[in-house]
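S.K.: Here's my sequence, what's the structure:
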Amino acid sequence: MIRAFIALCGALAIAGCTQQGGTPTRSVSLGEGQVIATSPAGYCVDDISSQPANDFAILAPCASLGAAGGIPQVVGFATVQVGPAESGSIAADEIALRDFLITDEGVSLLSQTGDGAEVNVLSTQAFNSQVMIHFNDEGPPPLAGLQSEEWRAFTTINGRLVTIGVRGLAVAPLTDGPGATLLKLIVAGVQAAAIPSEDNATPDV
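M.R.: Next up, the predicted model:
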């Protein structure tokens, strides 16, 4: 299971990107339609930079994506990555996952460059098949202009491992309270999609 987790974490290393036109939306379907990521108030999906086909989404303040609306109270940037079917078994033992993430091998997965020496874990939480970890990464950020601190969560939805990361801006960095709050808001908006049961399926004619 840990090897599958390592492979999935590699997908979080993303190239720099910005919204250029388009009409941002508030939600996106991931994981073959089994997971819906809905952004909190003031945030939208970056429809251009997100990659739904690869089960990856970027959430940012709507105002930064050219959409109407005010600036949210907590300004940050979030990524959502949904793993393949059955990958969520990795987080079934949240204590084991938390303990793995603070090992040398685990912190190397948190780093954008894969260099664990650049990562300093600041705090961790493990509960209800969720792991939240707050760390500082001295390597280059996933996007230029983001701060070095990150709040990341690992959880399971519809049997799939979901990884959510939050960072603030380097010029206006998030502190622990707002960073953790924004992470929890993003996590709360990522939910299982309603899958029609066979009983409710449209009958053949």
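
S.K.: Next, the buried residues of the longest helix belonging to the chain.
M.R.: Counting by DSSP state H, the longest helix found in the chain is helix 176-189. By neighbour count with 16 or more other C-beta atoms under 10 Å, helix 176-189 contains the buried residues Pro178, Gly179, Ala180, Thr181, Leu182, Leu183, Lys184, Leu185, Ile186, Val187, Gly189. Every C-beta, even on glycine, is put in place using the N, C-alpha and C of the backbone.

S.K.: Now do the contacts for the first one.
M.R.: Pro178 is in contact with Val74, Gly76, Gly168, counting by C-beta atoms under 8 Å, 6 or more residues apart in numbering.

S.K.: How many neighbouring residues does the second one have?
M.R.: The burial metric for Gly76, expressed as a neighbour count using other C-beta atoms under 10 Å, is 27.

S.K.: Next: the first one.
M.R.: Per other C-beta under 10 Å, the neighbour tally for Val74 reads 18.

S.K.: pLDDT and distance to Val121 for the buried residues of helix 176-189 - can I get that in CSV?
M.R.: Below are those laid out as CSV (pLDDT from 0 to 100; distance: C-beta to C-beta, whole Å):
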residue, pLDDT, distance to Val121
Pro178, 96, 19
Gly179, 97, 14
Ala180, 96, 14
Thr181, 96, 20
Leu182, 97, 19
Leu183, 97, 15
Lys184, 96, 19
Leu185, 96, 22
Ile186, 96, 20
Val187, 96, 19
Gly189, 96, 25
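
S.K.: Nearest to Asn136 among the residues you listed?
M.R.: Of all the buried residues of helix 176-189, Asn136 sits closest to Gly179, with 11.3 Å by C-beta to C-beta.

S.K.: Just give the nearest non-adjacent residue to the closest one, would you?
M.R.: Once flanking residues are discounted, Gly179 sits nearest to Trp151: 4.5 Å by C-beta to C-beta, 6 or more residues apart in numbering.

S.K.: Paired strands for whichever strand or helix holds the one you found, with orientation please.
M.R.: Here Trp151, judged by DSSP states H and E, is contained in strand 149-157. When pairing is defined by DSSP bridges, strand 149-157 lines up against strand 130-137 (antiparallel), strand 160-167 (antiparallel).

S.K.: Which of the ones you listed sits closest to Glu32?
M.R.: strand 160-167 (8.9 Å).

S.K.: Let's see that closest one as CSV, backbone CA atoms only.
M.R.: Output of strand 160-167 as CSV, limited to C-alpha atoms (Å, rounded to 0.1, in the frame of the first residue of the first chain):
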residue,chain,number,x,y,z
ARG,A,160,-10.1,6.6,-3.3
LEU,A,161,-7.2,8.4,-1.6
VAL,A,162,-7.8,12.1,-1.9
THR,A,163,-4.8,14.5,-1.3
ILE,A,164,-5.5,18.2,-0.7
GLY,A,165,-2.8,20.8,-0.3
VAL,A,166,-3.1,24.5,0.7
ARG,A,167,-0.5,27.3,0.6
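
S.K.: angle of that strand against helix 176-189?
M.R.: Angle of strand 160-167 versus helix 176-189, following axes from the mean of the first three to the mean of the last three C-alpha atoms, to 10 degrees, is 150 degrees.

S.K.: Good, wrapping up.
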